[in-house]
Each structure stands twice: as C-alpha cells, then as structure tokens.
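Engineer: build me a model:
(chains A and B)
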Amino acid sequence: MNAMDNSFSHALETMTARIVPGARGIANLRRLSAGATLETWSFDAVDGERVLHPMILRRSPGGLRSTESLSLEAEAELIRVLDGSGVPVPTVVHTLMPADNLGDGFLMTRIEGETIARKVLRDQEFAGVRPRLAAQFGTIRGTMTNVDTARLPPLPFKPAEIIVARLASRYEALGVARPVFDLAFRWLEQNAPLPLDKYSLVHGDYRNGNIIFGAEGVRAVLDWEVAHIGDPAEDLAWISTPPWRFGELDHPVGGVGSREQLFEAYQAASGERIDPARVHYWEILGSLRWGVSCASMLEWFTSGRDPSVERAMIARRVSENELDLMRILTGTN
Amino acid sequence: MLDQPRGAEILAAVSKLLRETLMPQLPANAAFQARVAANAIDLVAREINFGEAAESETLVRLRTLLGHDGSLQELETDLSGRIRRGELDLQSDGLAEHLWLTTLDKMKIDQPAYASYRRTIEARAGQQQPRKED
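Structural biologist: Model prediction:
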C-alpha cells in the first residue's frame, strides 16, 4: 500500500468507528469498480475478528463526473427515500461529510448476491427463479411508478424530447457521420411519443449488472446515479434492449423473459396501462444512446483520458448498436 | 517483400498464448485483463484480414447510391445528411441493403460472436438459399 492508500484506509477506519456502534476497525477492504471518477469499495466494520456490519462505500475522490449524473449526496438521499417504499434498494448508513476526509460519497449496508448477468442467466442456482425474473422487473418498475415524486430529492426532468435533443448534439459534436444513427434520429423525430399526464421516477440504467440477485430473485436495484423524472417506458425498454440479453435473444427482457410478462407485472403493480409502442420507441432511443456513448469513448481513448485496451474495445462496440438499430428499424428484431 | 508468417497469423499465435498459456496462470483480475487483451488482438487480426475489402466495397456502394465520387468519409457524411433530411429512407432503392452490408461487415470485424449478428447472418443465409422442404 502506498501513502495515499494508507491515509484512505485510516480515514475509513476512523469514520467507521464513529458511525458503527462497537466497531474498532475495518477488514476485507477491496475495490469493486475501477471507474476514474467513481469508486466502489467493499469492507467490513469489525470488532476484532467479529464482523459487525458488511459495508459498501461509493465515493468520488474528487474530479469531474459526467454532467448527466446526480451528485452522490443526491443519490444517497434518493436511496434513503426509496428504502421502505417497496423498491428494493440497499440501506444508506452514512453520507460522507468533509470531516470524514474521504471525498464525496456514501456508505451502504452490503447486500450479498450476484450481479454478473451471465451467471444469473446460466448458473443452476438461478434456474428456479429465472422464469419469474421478467415479472419481478415489471413489478419493481411498477412500484417505482407509485413513488410520490414530491417526496424525492430534486431530480432532473428528462422526457423523451429532451433526451433526444441532447443526444443529437452529443452525436453532432463527435463529428463522425454514422448513417444508421441518422436513420434512428429521423425515426425518433417522426415517431415522438405524446407527452404523459404523469411522469415518474426513472432509474435510467435499469438492467442486468445494476441488480443484485439471490436464488429467490431480485434483492436490490443499484446505481441510481442517472435517476430522473421521466417516462417509465424508458426503464421497461432499456432492460429489453439486446446488449442486456447476453446472447439469450429469444428472451428479450434481460435474457430471461418476455415483454408480455414484464408489461403485465408492471401494470398490476402500478395500476397504469403501458403502451407497447411507447416502449418500442424507447428501445430504439436506448440503443441509439448506448451507441452514441460507445462512440464517445473514442475521444477518451485518443486523448489519453483513459488509454486502456478496455476503453478501446468499448469504442468498437458502436457497430453492435448500429446492428441492433438496423434490426429494430427494419422489423427483424 | 515481407516474410511470412504475416501479421494476422502472428496475432493469432499471441491470442492463443494469452488464452491457453498465460490466463490459466494469472490471478482473477489479471486473467480478466489478459482476456480483454486477447479479444483486442483477435479484433485487430480480423481488421487486417477483412478491413480493406470492407472499406473498398462500401466505397463502391456509396458511389452508386449517391451518384458521385468522394472519399469514404465525404460520402458517408453526404449519406448521413440525406437520411437526416428525409431525402433517403429504408424504402429508397439500395439504401437498406447498403446499410445492412456495411453494418454486418463492421460486426464481422468488431464482434462476430454477438448474438444479433449471428442471428442476422443465419437469417440472410436462409433467405438466399431455397428451402428444400417447403
């Protein structure tokens, strides 16, 4: 460990001793994600050998984050409000303060389980629950629709037209012509959905990878950093786009189930009808948005902001979205 | 002038080295990084093998479709603009097929194992061959 690592774990220990009654130290500290501006750490608050509280720390050590993201304070506040609403979320234990010397972020109780989609889709442990997962995704999304938005911390309002307009400027700024993307933009402009009477909480990245599963099903929905107020069809569509099927093309919803199962459960939980055409619109928008995001990774790679092989390979995933867009726009999806 | 084995063949050997010899000896995180590297090497080998043909075929199709000459970048920019303004769409002669071929050529290099790609290739092969049992 270098000096910075030492001061980090020391600050973590000091804070933990203060907020977890009886804790005398920390153990099993390990970094779960390696984002440049957002870190996720797992550790245990301990008293000697005894684990008192399994923890997750989500923090930003400083530096700029995407303007599309909520602040970590706002994300923590959102998760606190959702805790007990029926939407399965981790429990926020503490929001970092300047005196903690740990940057911005918050601490949650660690929930054991599986987040790796390929395991959930293939391992025997999940075989029993897989046929019910699409309905669970719908029920959870329906419960989110029922959350009173007046109780939520301030969230950005992002209906389809705002998302499409911002995406179009991001695409233009990249300066690389992609005829398939233009086909999709044109389609989105000509098929814009009518405004809704009521907008609701939208997770914004509702998919395999951001969900913790146990053998009994969904344990928690994670990563609320791009949550906003918008169209619930956005979440129903995103979990149904091809990248999150991990090869299980014939199970469009997260590689585990059908849109009918998803929609039926959504309607039962929310009491609101969902228009499949609206979800179809958001599936096209979702693939286009993921495509523009992959395309923007080129600049990260070439500028040296993140010159990793992994980043380069994400930039080469633009074509996957062009293919998915061709399939959905020509009705071969 | 250059000797054999050529670049793509050497890359195939490097990929095999990473996957079969090095990855089994590495700790989990390093093995993951090695897998990413092997995937990247495979992509580069496919680009060496198919990239030039894909780009020259795209150029020929674009000239026909747009009715004028230009660099690949200029022609794609022109095509993008025409689609965006609604002058060309999926019903226009040759456009859908051009976009399919271009996209599938890219995927053949970028991610030939992607399920939607394999499904599309199978469906197109099925359309081109008369079925025996119909």
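Engineer: report the contact partners of residue A:52.
Structural biologist: Contact analysis of residue A:52 by C-beta atoms under 8 Å, 6 or more residues apart in numbering or on different chains lists A:20, A:22, A:23, A:44, A:45, A:46. C-beta coordinates here come from the backbone N, C-alpha and C atoms, glycine included.
Engineer: so it, which of the three states?
Structural biologist: Three-state call for residue A:52 (DSSP: H, G, I helix; E, B strand; the rest coil): strand.
Engineer: now swap in the one 4 residues further on and tell me
Structural biologist: Under three-state DSSP, residue A:56 falls in the strand class.
Engineer: let me know the pLDDT of it.
Structural biologist: Per-residue pLDDT puts residue A:56 at 96.
Engineer: what number of residues lie near it?
Structural biologist: Counted with other C-beta atoms under 10 Å in any protein chain shown, the neighbours of residue A:56 add up to 19.
Engineer: name the SS class of the residue nearest to residue A:237 when sequence neighbours are not counted, please.
Structural biologist: Spatial nearest neighbour of residue A:237, excluding adjacent residues (C-beta to C-beta, 6 or more residues apart in numbering or on different chains): residue A:282 at 3.4 Å. Under three-state DSSP, residue A:282 falls in the helix class.
Engineer: for residue A:282, list the residues it contacts.
Structural biologist: A:160, A:231, A:233, A:234, A:236, A:237, A:238.
Engineer: re earlier: may I ask which two of the contacts of residue A:52 are separated the most?
Structural biologist: Distance extremes for the contacts of residue A:52: the farthest pair is A:22 and A:44 at 12.8 Å, using C-beta to C-beta.
Engineer: between the two, which is the more surrounded one?
Structural biologist: Remark: of residue A:22 and residue A:44, residue A:44 carries more neighbours, 19 against 11, as counted by other C-beta under 10 Å.
Engineer: quick one: which helix or strand includes that one?
Structural biologist: Per DSSP states H and E, residue A:44 falls inside strand A:39-47.
Engineer: residues contacting that strand, please?
Structural biologist: Residues from elsewhere that reach strand A:39-47 (C-beta under 8 Å, 6+ apart): A:12, A:16, A:20, A:22-33, A:51-61, A:110.
Engineer: filter those residues down to the buried ones, PyMOL style.
Structural biologist: Buried subset of the contacts of strand A:39-47, written as a PyMOL selection, criterion 16 or more other C-beta atoms under 10 Å in any protein chain shown:
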select buried, chain A and resi 12+16+20+23+25+26+29+52+53+54+55+56+57+58+59+60+110
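Engineer: can you report how many residues neighbour residue A:230?
Structural biologist: The number of residues packed near residue A:230 is 24, by other C-beta under 10 Å.
Engineer: and the gap between the residue of chain A most remote from its centre and chain B?
Structural biologist: Going by C-alpha atoms, centre = their mean, the residue of chain A most distant from its centre is residue A:48, 35.3 Å out. Look at residue A:48 and chain B: by C-beta to the nearest C-beta, to the nearest Å, they are 29 Å apart.
Engineer: got it, and residue A:309?
Structural biologist: Counting by C-beta to the nearest C-beta, the separation of residue A:309 from chain B is 5 Å.
Engineer: I'd assumed residue B:43 was in contact with that residue.
Structural biologist: No: contact criterion C-beta atoms under 8 Å: residue A:309 and residue B:43 do not qualify, at 10.2 Å.
Engineer: the two - which one has more neighbours?
Structural biologist: The residue with more neighbours, out of residue A:309 and residue B:43, is residue B:43; 19 against 15, by other C-beta under 10 Å.
Engineer: which strand or helix spans that one?
Structural biologist: Going by DSSP H and E, residue B:43 is part of helix B:28-66.
Engineer: what is that helix packed up against?
Structural biologist: Other elements packing on helix B:28-66 under the criterion 3 or more C-beta pairs under 8 Å, 6 or more residues apart in numbering or on different chains; DSSP states H and E are helix A:309-315, helix B:7-16, helix B:72-84, helix B:95-110.
Engineer: need these in JSON lines (columns: mean pLDDT).
Structural biologist: Shown next, in JSON lines, are the helices and strands packed on helix B:28-66 (pLDDT from 0 to 100):
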{"stretch": "helix A:309-315", "mean pLDDT": "94"}
{"stretch": "helix B:7-16", "mean pLDDT": "97"}
{"stretch": "helix B:72-84", "mean pLDDT": "98"}
{"stretch": "helix B:95-110", "mean pLDDT": "98"}
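Engineer: of all those helices, which lies closest to residue A:224?
Structural biologist: Within the helices and strands packed on helix B:28-66, the stretch nearest residue A:224 is helix A:309-315; the backing value is 22.2 Å (C-beta to C-beta).
Engineer: after that closest one comes which helix or strand?
Structural biologist: Per DSSP H and E, the first helix or strand lying C-terminal to helix A:309-315 is helix A:318-329.
Engineer: looking at the contacts of residue A:282, which are in helices?
Structural biologist: Among those, the members falling in helices (DSSP state H) are A:160, A:233, A:234, A:236, A:237, A:238.
Engineer: in the stretch 201-333 of chain A, what residue comes closest to chain B?
Structural biologist: Proximity of the stretch 201-333 of chain A to chain B (C-beta to the nearest C-beta) peaks at residue A:319, 3.9 Å away.
Engineer: which residue, other than its chain neighbours, is closest to the residue nearest the centre of chain A?
Structural biologist: Closest to where the C-alpha atoms of chain A average out (C-alpha atoms, centre = their mean) is residue A:205, at 3.5 Å. Distances taken as C-beta to C-beta, 6+ apart put residue A:226 closest to residue A:205, at 5.4 Å, once the chain neighbours are dropped.
Engineer: quick one: buried residues of the helix or strand hosting residue B:120?
Structural biologist: Secondary structure from DSSP H and E places residue B:120 in helix B:115-128. Within helix B:115-128, the residues that count as buried by 16+ other C-beta under 10 Å are B:115, B:116, B:117, B:119, B:120.
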